[in-house]
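In: With the sequence up front, the predicted model follows.
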Amino acid sequence: MTEFMGYIRPDGAVGVRNHVLLLSGTVYANRLCDHVANMIYNAVSITHPNGRCQVAPDLRITRRFLSGTGANPNVAAVIVVDHFREEGCTADDIAQDISPTGKLIATVNIRSDGGFISALEKAMRYAADFSRQVSDYRRETVPLSKLLFATECGTSDTTSGLASNPATGVCSDMIIAEGGRTILAECTEWMGCENWLTERAVNEDVAERILAGVQHMEQRALASGEDIRGSQPTGDNIIGGLTTIEEKSMGACKKAGNSPIIDYLEIAQPPTSEKPGLYVMYGPGHGAESISSMAAAGAQIQVFCTGGGHTSSHPIMPTIKITGNAESYRLMKDTVDVDVSDVLRGDITMQEAGKRLFDEVIAVANGRLTKSEVLKDDNSFAIHRIGPSI
Amino acid sequence: MKKVFVIDEKDNVGTAVLEPIKVGDDVGTNGALTSIVVKAKADIPFGHKIALRDIPKGSIVMKYGLSIGNATQDIKAGDHVHIHNVESNRGRGDKFADSKGVSA
């Protein structure tokens, strides 16, 4: 049985990081959060352009993303920063959503706390206090079943579907075999291999919701004039050697392995049960939105498959990047963690490539920093939106 | 010998992910199949697929052990396999309404 060393939170969830999070409620609090995070040891800020003048469905998504990110067990303590604004996604609303986790929470309001400078001081004092308190927290041994594993791919090339994605699938199946759970998002990439997914759904209801999710995303794109299905594979894909949408989609979905699909989740929705297996999540192919939705659902680690090489990394969910393209690894090894190009050369099996990644996941769960974490290149937080600004 | 990569033992195509293939090259396989050798009947650019067996017109082109489309003409072992001789069963608007597994 595989174990890892994590931070057990008051609600029983287990973090692989111990961050103090400055969580901006709105675009107008972003810089204050950054200032505090720059000053305080072990603090990170999450900023974004949302939270103001959004249609109600978008405000709900924004709240779910922000509350879920604050609730993620990698966050030991959270300070929500906001200023005077409308009901429905205020700092108090977000703090209330996070409070069942039992972690340290504070709110700062730029207006009611006396303006920018006073609010900055207050946020800094909270952050300094929290940083010291959480430094007493210690890692403890927990079973791998405590891991919620996120999968993502971006800047894919022909090697992705043949090396990094299936190796990630092997790793996912290994995690699930030990009682863990995996999320597969990016439902635009299920298009063309829906049957392969629905056949693995544990029941008809899950299968139907998978199909409905794909159709919903497709219709949304069509309404804006974009025929996703009709335009796939893209011209670039065809030049690269991808012949049909089935081929492209299977390559993408291979990253989630072959385990049974337990449930279908809405965007940023935490898994509905503790049951080991694969959970598929509605959401776009947009990398930062997709990985942020999985972090908001509680995923502690993600693997990001990339053929061309990528820099994507989430602020509070360690992002392990893997490539099967030897040249991309050579060019991008500052931010790409794992190279499995040797599987294509026939030097190792896919099973061995998956085990190499699995070992990296366990090491990162135990505290090894990803290359992007070392560089503080936490570039990938974004909130999905469906409507216009108003 | 130049090598292509095969992801599943049921596949009838391999992918040139190590180097481009030139017409006339003997081509072996890495991955799920290792015993096949074919002579390339065309240049296969990096990232493109080569037929490992004859694939008669109308039959399934297999990659990942699953169908990625059907042959629109007889494909011979060693041929370049791409949009000129394979069609999707899923990506085409005219076929979409009938495609299995997608409710209308």
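Out: Alright, I've got the coordinates.
In: can you tell me which residues contact the nearest residue to residue A:362 once chain neighbours are set aside?
Out: Using C-beta to C-beta, 6 or more residues apart in numbering or on different chains and skipping residues adjacent in sequence, the residue nearest residue A:362 is residue A:4, 5.6 Å away. For the C-beta atoms, the positions are set from N, CA and C on the backbone; glycine is no exception. Residue A:4 is in contact with A:16, A:141-142, A:144, A:146-147, A:362, A:365-366, counting by C-beta atoms under 8 Å, 6 or more residues apart in numbering or on different chains.
In: Could you chop chain A up by domain?
Out: Using automatic domain parsing, the domains assigned to chain A come out as A:19-134, A:144-374.
In: how long is the shortest one from one end to the other?
Out: What it means is domain A:19-134. Across its full length, domain A:19-134 reaches 8 Å end to end, with C-alpha to C-alpha, to the nearest Å as the criterion.
In: Do you know the pLDDT at the residue positioned nearest the centre of chain B?
Out: Centroid check for chain B by C-alpha atoms, centre = their mean gives residue B:13 as the closest residue, at 3.5 Å. At residue B:13 the predicted local confidence, pLDDT, stands at 98.
In: got it, and residue A:388?
Out: At residue A:388, the model reports a pLDDT of 87.
In: do you know how far it is from residue A:54?
Out: Distance of residue A:388 to residue A:54, given as C-beta to C-beta, to the nearest Å: 9 Å.
In: and these two? which has more neighbours close in?
Out: Under the neighbour definition other C-beta atoms under 10 Å in any protein chain shown, residue A:388 and residue A:54 were set side by side, and residue A:54 has more, 23 against 9.
In: got the contact list for the more buried one?
Out: For residue A:54, the contact set (C-beta under 8 Å, 6+ apart) comprises A:62, A:385, A:387, A:389-390.
In: Please repeat the previous calculation with a cut-off of 7 Å.
Out: For residue A:54, the set of contacting residues under the criterion of C-beta atoms under 7 Å, 6 or more residues apart in numbering or on different chains consists of A:62, A:389.
In: who's it bridged to?
Out: Residue A:54 has the following beta-bridge partners by DSSP bridges: residue A:389.
In: so residue A:321, which of the three states?
Out: Three-state call for residue A:321 (DSSP: H, G, I helix; E, B strand; the rest coil): strand.
In: ok, back up a step: mind putting the domains of chain A in JSON lines, mean pLDDT and distance to residue B:83 included?
Out: As requested, the domains of chain A are arranged in JSON lines below (pLDDT from 0 to 100; distance: least, C-beta to C-beta, whole Å):
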{"stretch": "domain A:19-134", "mean pLDDT": "95", "distance to residue B:83": "38"}
{"stretch": "domain A:144-374", "mean pLDDT": "94", "distance to residue B:83": "6"}
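In: for the chain, what spans make up the strands?
Out: You didn't say which chain, so I picked chain A. Secondary structure of chain A, counting by DSSP state E: strands at A:3-8, A:14-15, A:19-24, A:43-46, A:75-82, A:104-109, A:140-143, A:148-153, A:181-184, A:261-265, A:277-281, A:301-305, A:319-323, A:338-339.
In: should've been chain B
Out: Under the criterion DSSP E, chain B carries strands at the ranges B:2-6, B:13-15, B:26-31, B:38-39, B:49-51, B:60-63, B:66-71, B:80-81, B:86-87.
In: Tabulate these (JSON lines), appending distance to residue A:73.
Out: Shown next, in JSON lines, are these (distance: least, C-beta to C-beta, whole Å):
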{"stretch": "strand B:2-6", "distance to residue A:73": "38"}
{"stretch": "strand B:13-15", "distance to residue A:73": "40"}
{"stretch": "strand B:26-31", "distance to residue A:73": "38"}
{"stretch": "strand B:38-39", "distance to residue A:73": "52"}
{"stretch": "strand B:49-51", "distance to residue A:73": "43"}
{"stretch": "strand B:60-63", "distance to residue A:73": "39"}
{"stretch": "strand B:66-71", "distance to residue A:73": "36"}
{"stretch": "strand B:80-81", "distance to residue A:73": "47"}
{"stretch": "strand B:86-87", "distance to residue A:73": "46"}
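In: so of those strands, which one's packed in deepest?
Out: Mean neighbour counts were taken over these using mean count of other C-beta atoms under 10 Å in any protein chain shown, and the top value, a mean of 27, falls to strand B:13-15.
In: on contacts alone, who are the packing partners of that one?
Out: Counting contacts by 3 or more C-beta pairs under 7 Å, 6 or more residues apart in numbering or on different chains; DSSP states H and E, strand B:13-15 packs against strand B:2-6, strand B:49-51.
In: and of these, who's closest to chain A?
Out: The stretch from those with the least distance to chain A (C-beta to the nearest C-beta) is strand B:2-6; that distance is 5.1 Å.
In: what's the average pLDDT for that closest one?
Out: Strand B:2-6 comes out with an average pLDDT of 96.
In: Next, see if that strand gets close to chain A.
Out: Yes. Strand B:2-6 comes into contact with chain A when judged by C-beta under 7 Å from any C-beta of the partner chain, the residues involved being B:3, B:5.
In: what angle do that strand and strand B:26-31 make?
Out: With axes from the mean of the first three to the mean of the last three C-alpha atoms, to 10 degrees as the criterion, the two stretches strand B:2-6 and strand B:26-31 enclose an angle of 40 degrees.
In: How much space separates the most centrally placed residue in chain A from residue A:333?
Out: In chain A, the centroid-proximal residue (C-alpha atoms, centre = their mean) is residue A:291; its distance is 2.9 Å. In this structure, residue A:291 and residue A:333 are separated by 21 Å, where distance is defined by C-beta to C-beta.
In: For the residue lying farthest from the centre of chain A, give its distance to chain B.
Out: Taking C-alpha atoms, centre = their mean as the measure, the residue most remote from the mean C-alpha position of chain A is residue A:114, 35.1 Å away. Using C-beta to the nearest C-beta, to the nearest Å, we find residue A:114 at a distance of 57 Å from chain B.
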